[in-house]
Every structure is written in structure tokens, then in C-alpha cells.
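*Asks:* Sharing a sequence plus its predicted fold:
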Amino acid sequence: MKTNLRNHSWLRLMCAAVVALFSMTVMAQTGEDEVLNKCEVMPRYPGGEAAMMKFLCDNVKYPKEAQEQKKQGRVIVQMVIRKDGTLTDFKVVKSASDLLDAEALRVAKLLPKFTPGKEKGQPVSVRYTFPVAFRLK
């Protein structure tokens, strides 16, 4: 009986090791990399934050239907800036309305590549969050 228990524990340990190895292999094969919430050097829009705000202001078109419904507010958009500066995984983390959210995402997807963030001198993928404000005059 003791031999069976000892063999069973060894078998469970081996199964856990195989599962862990398989998980790492799948992650490497799909090219996924860890996405950080912050890093030593955060990603940078070409020209800096002021240039990014100008880009957003120049490209946001207040949806006519939202104006008619007097919808306004601030949409918080989150995206991932990959190691090569490309932008992916866009989502709204704070909604103002469906119409305004859609416009904020549309414009976010127009943004050019960023200078990627760095951790220990190496480029890393980082989550990046920013507001898009909609105000009626």
C-alpha cells in the first residue's frame, strides 16, 4: 500500500510538470508575451503626450446622433502597446454611451505606432489607458 501511495504522488508531480511545460510551449508558439501594467520607461506617442491629445482632438468627430441626444462625457480607452510599438487589444474601460464609446475606439485605432515601453532596457508590451472627452457647447 505504501508503495502505491508513493508512486501515486510521483505520478501527480510528473503530470503537473508536463502540464506546466506544455503551457510554456503553447505560450512560446503563439508568440504571446507578458503584458505589463507599468514599466520603467512607459511607451511614448511620437511627439509626446501633447501631440497625442492634438491628434485625438483633430480626429474625433462628435457623432451627430449623440449630439441630438445630448450625450456627453469621458470615455476611458485601454489598449496594449506591443514590444514593436504596434497597438492592439483596444477596449473601453469606462463608458459614456455606446455612440461615444464607438467613436473613441475608432479614433484610438487610427493612432500610429508608439515608441515601446522598456523594462531593464528591453522593449516590453504595456497596457496604456487614456481619456477621450466629449463635451457639447
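*Replies:* Received, thanks. Numbering: from 1, shown residues only.
*Asks:* need the contact list for the residue nearest to Lys71 when sequence neighbours are not counted.
*Replies:* Nearest residue to Lys71 in three dimensions, chain neighbours excluded: Ser97, at 4.4 Å (C-beta to C-beta, 6 or more residues apart in numbering). Placement of C-beta: from N, CA and C, glycine included. By C-beta atoms under 8 Å, 6 or more residues apart in numbering, the residues touching Ser97 are 66, 69, 71, 73.
*Asks:* how much space between Ser97 and Gln67?
*Replies:* Shown here: Ser97 relative to Gln67, a distance of 11 Å by C-beta to C-beta, to the nearest Å.
*Asks:* cool, Leu111 as well?
*Replies:* Applying C-beta to C-beta to Leu111 and Gln67 gives a distance of 24 Å.
*Asks:* What's the separation between the residue nearest the centre of the chain and Leu105?
*Replies:* The centroid of the chain falls nearest to Val80 when counting by C-alpha atoms, centre = their mean (2.7 Å). Val80 sits 14 Å away from Leu105, going by C-beta to C-beta.
*Asks:* again with Gln72
*Replies:* Noted for Gln72: a distance of 17 Å to Leu105, by C-beta to C-beta.
*Asks:* Leu111 and Gln67: who's more crowded?
*Replies:* Leu111 (20 against 13; other C-beta atoms under 10 Å).
*Asks:* Help me confirm that Leu111 comes into contact with Tyr45.
*Replies:* Yes - Leu111 is within contact range of Tyr45, at 7.3 Å (criterion: C-beta atoms under 8 Å).
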